[in-house]
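Colleague: predicted model and sequence follow; I will ask about them next.
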Amino acid sequence: MAYDEQHKTYVLFGGQTKDGSSDETWLFDGSKWTQATPAHKPTARRNPAMAYDPAQKNVVLYGGLVQDKGEGVPAADTWGWDGADWSVLNSYSDTVGQRLGASVVTAGDKILLFGGGLAFNDGLTADAFAWDGHVWSSIDRESRPSGRYGAALAWNPNDSSLLVFGGNGADPNAGPGAAGIPLASTWSLRGGVWTLLASAGPPPTGQANAIWQANPGRMVVMFGMAGASCPKATNAVWAWDGKAWSQLASATPPPRWGASAAQASDGSALVFGGSDEPGC
């Protein structure tokens, strides 16, 4: 899900339903949901990455797990939503490649993509890319975080850095379709260089959501699947102020992981769906 600043609506595409992966597009105007009927659309999928591109004034969708007769196939296509229809912006990215569970965020006048993998517990990555409206380009160097999918991302406009928390890392004792092991590390990417921000904070958490709170200037992480052993859905809320983590009051919605979330430029945010199924 992403917030379309041009048309002042939240845009939700795809996801997992009781009937399988969805190819539906839904719009939320702040009071009600409306199903869109675009002439074109991506194939049914779950775990796509979505964010608003301020430069091109459209919502960008990347990858995800495209439904097939098996476990699904990770995609490498880029689509744009102009408020009325979807169009293919890049049919296959050689730089990013096939990925599900990647995370994206609006970063100033562009969007950034981080992580994801070929499967939920296999081929996990931790590299970062920027979208210029036509292609994805690598923006980081080596000494990256460990590979992960479902990481929580926020853009810090105060120092132009990408903040990354948690996600699910590879579990060597499980197969490709397993959930992976929740992580607890916090990283910052600035000027192409990754820095590990060492500080006690949230427990290992995967598939959480994050927003940037302009006042007082901090990343806020909420929900997710928490715990190193037998992780469970949580509605805990944590804040990173650049120096330390602090736990805030729990969110009003019940615990969930893998929810869709998007934030508007005025700081407000919308959270939709998710699962409360335990990870063991």
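Modeller: Structure received.
Colleague: nearest the geometric middle of this structure, what residue?
Modeller: When the chain is reduced to its mean C-alpha position, the nearest residue by CA atoms, centre = their mean turns out to be Ser103, at 3.1 Å.
Colleague: pretty sure it is in contact with Ala49, am I right?
Modeller: Yes: in terms of CB atoms under 8 Å, Ser103 counts as a neighbour of Ala49; the distance is 6.2 Å. Every C-beta, even on glycine, is put in place using the N, C-alpha and C of the backbone.
Colleague: now do the shared contacts for those two.
Modeller: Both Ser103 and Ala49 are contacted by 113, 116, under the criterion CB atoms under 8 Å, 6 or more residues apart in numbering.
Colleague: run a quick neighbour tally on the closest residue to Ser229 other than its chain neighbours.
Modeller: Across the structure, with CB to CB, 6 or more residues apart in numbering as the measure, the residue nearest Ser229 apart from its sequence neighbours is Cys280 (7.7 Å). Using other CB atoms under 10 Å, Cys280 has 8 other residues around it.
Colleague: surely Cys280 and Met225 touch.
Modeller: No: applying CB under 8 Å, one finds Cys280 not in contact with Met225, separated by 10.2 Å.
Colleague: so for these two, which residues contact both of them?
Modeller: Shared contacts of Cys280 and Met225, defined by CB under 8 Å, 6+ apart, are found at Pro231.
Colleague: okay, and the beta partners of Ala210?
Modeller: Judged by DSSP bridges, the bridge partners of Ala210 are Val221.
Colleague: where does it land on pLDDT?
Modeller: As predicted, Ala210 sits at a pLDDT of 98.
Colleague: mind listing what it touches?
Modeller: Residues in contact with Ala210 (CB under 8 Å, 6+ apart) are 152-154, 163, 165, 219-222.
Colleague: write the PyMOL selection for whichever of those residues are buried.
Modeller: In PyMOL, selecting the buried portion of the contacts of Ala210, with burial taken from 16 or more other CB atoms under 10 Å, looks like this:
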select buried, resi 152+153+154+163+165+219+220+221+222
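Colleague: what's the host helix or strand of Ile111 in contact with?
Modeller: Ile111 belongs to strand 110-116 when elements are defined using DSSP states H and E. Contacts of strand 110-116 from elsewhere in the structure, counted by CB under 8 Å, 6+ apart, are 49, 51-55, 60, 62-63, 96, 99-105, 124-132, 136, 139, 147-149, 151, 153, 155, 162, 164, 167, 189.
Colleague: mind checking which of those residues land in helices?
Modeller: By the criterion of DSSP state H, membership of the contacts of strand 110-116 in helices covers no residue at all.
Colleague: which among these end up buried?
Modeller: Using 16+ other CB under 10 Å as the burial test, those include 49, 51-54, 60, 62-63, 96, 99-105, 124-129, 131, 136, 139, 147-149, 151, 153, 155, 162, 164, 167, 189 as buried.
Colleague: without its sequence neighbours, what residue ends up closest to the residue nearest to the centre of the chain?
Modeller: In space, Ser103 comes closest to Leu153 once its chain neighbours are excluded; the distance is 4.5 Å by CB to CB, 6+ apart.
Colleague: now Ser161
Modeller: The shortest distance from Ser161 to any residue other than its chain neighbours is 4.0 Å, reached at Arg190 (CB to CB, 6+ apart).
Colleague: for the one you found, what are its contacts?
Modeller: 159-162.
Colleague: recalculate using a threshold of 10 Å.
Modeller: 140, 156, 159-163 (CB atoms under 10 Å, 6 or more residues apart in numbering).
Colleague: highest neighbour count among those?
Modeller: Neighbour counts for the contacts of Arg190 peak at Leu163, which has 24 neighbours (criterion: other CB under 10 Å).
Colleague: any idea how far the most far-flung residue of the chain relative to its centre is from Tyr52?
Modeller: Of all residues in the chain, Ala39 sits farthest from the chain's C-alpha centroid, using CA atoms, centre = their mean; the distance is 26.2 Å. Computed as CB to CB, to the nearest Å, the Ala39 to Tyr52 distance reads 21 Å.
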